[in-house]
Every structure is written in structure tokens, then in C-alpha cells.
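**Student:** I would like the atomic coordinates for the input below:
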Amino acid sequence: MSVVLLTPGAQPAGLAFPALALVDDEVRSAEVTASAALQSLAADVLVVDARTDLVGARAVCVTLSATAAAPPVLLVLSPGGLPVVTTAWGASDILVDGASPAEIQARLRLLREHSAPV
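**Tutor:** Residues are numbered from 1 along each chain as shown. You can find the predicted model right below:
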């Protein structure tokens, strides 16, 4: 599975979100911008890091939700971000910072299987 982590500074997954670097999937990083997200549409899943910039992450999610060819979006939040996320953001699933690699792997697998053509 191809996973793209959209994170501030396009930091490698091992630095930005260490648990994601431990999953069995190929993880590539890009900046959290709408243009980087749109250039990553070939990924199986996009992981959007919203832990430090909720407004920017929301803009990326909304842009992706308006794109028919967009892959599922897994939104990573700090606990303080949970109250503001709504379905209007367009994220397929959410993940709270500190999740284990096993939980991340399961969520990625479910998102991929759910979006696979029947």
C-alpha cells in the first residue's frame, strides 16, 4: 500500500509521526498543502497531520473531499483538535496522536479495503 503523510515541513514519517514509520506500508512525506495533496492522488491513503495547524489541515481535507479521484484521508489530531472536526472536513477517519502502530496499520487497511472497487 502506498501512503503519503502530509505534514509540516514534509518531515520523514520517522520524525513527524514515529508510529507511522513502523507500519508495513511504504510511507512518503509531503508538505501539508493543497497542491502537494493534489499531486499525491495516486496514493492508496493520504494521512493529513493536523496536530499543529488545524486550519491548514482543514483546507487540505476540504480540497481533497471536492476531488472525485481523491484517496481516503486519515486525519491525525492532537486530543485538543477532536472537538472541532466535523464531517464537513471530508476526512475518512481520524487518529489521535499517540496511537499504536497496530491501530494505525488496522485503520490504513480498513480505509484501503473500503475504498477498493468492488
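**Student:** now the strands for the protein?
**Tutor:** 2-6, 26-30, 45-49, 73-77, 93-96 (DSSP state E).
**Student:** comparing those strands, which comes out most buried?
**Tutor:** strand 45-49 (a mean of 26; mean count of other C-beta atoms under 10 Å). For every residue, glycine as well, the C-beta is placed using N, CA and C.
**Student:** sorry, back to before: now tabulate the strands of the chain in CSV and tack on mean pLDDT.
**Tutor:** Putting the strands of the chain into CSV (pLDDT from 0 to 100) gives the following:
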stretch, mean pLDDT
strand 2-6, 94
strand 26-30, 91
strand 45-49, 96
strand 73-77, 96
strand 93-96, 96
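**Student:** just send the ones you listed back as a markdown table, with distance to Gln39 too.
**Tutor:** Output for the strands of the chain, formatted as a markdown table (distance: least, C-beta to C-beta, whole Å):
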| stretch | distance to Gln39 |
| --- | --- |
| strand 2-6 | 9 |
| strand 26-30 | 7 |
| strand 45-49 | 11 |
| strand 73-77 | 15 |
| strand 93-96 | 22 |
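**Student:** closest to Gln105 out of the ones you listed?
**Tutor:** When the strands of the chain are compared by C-beta to C-beta, strand 2-6 sits nearest Gln105, at 10.4 Å.
**Student:** could you dump the closest one to PDB, C-alpha only?
**Tutor:** C-alpha atoms of strand 2-6 as PDB (Å, rounded to 0.1, in the frame of the first residue of the first chain):
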ATOM      1  CA  SER A   2       1.200   3.500  -0.800                       C
ATOM      2  CA  VAL A   3       0.700   6.000   2.000                       C
ATOM      3  CA  VAL A   4       1.500   9.700   1.800                       C
ATOM      4  CA  LEU A   5       1.900  11.700   5.000                       C
ATOM      5  CA  LEU A   6       1.100  15.400   4.500                       C
END
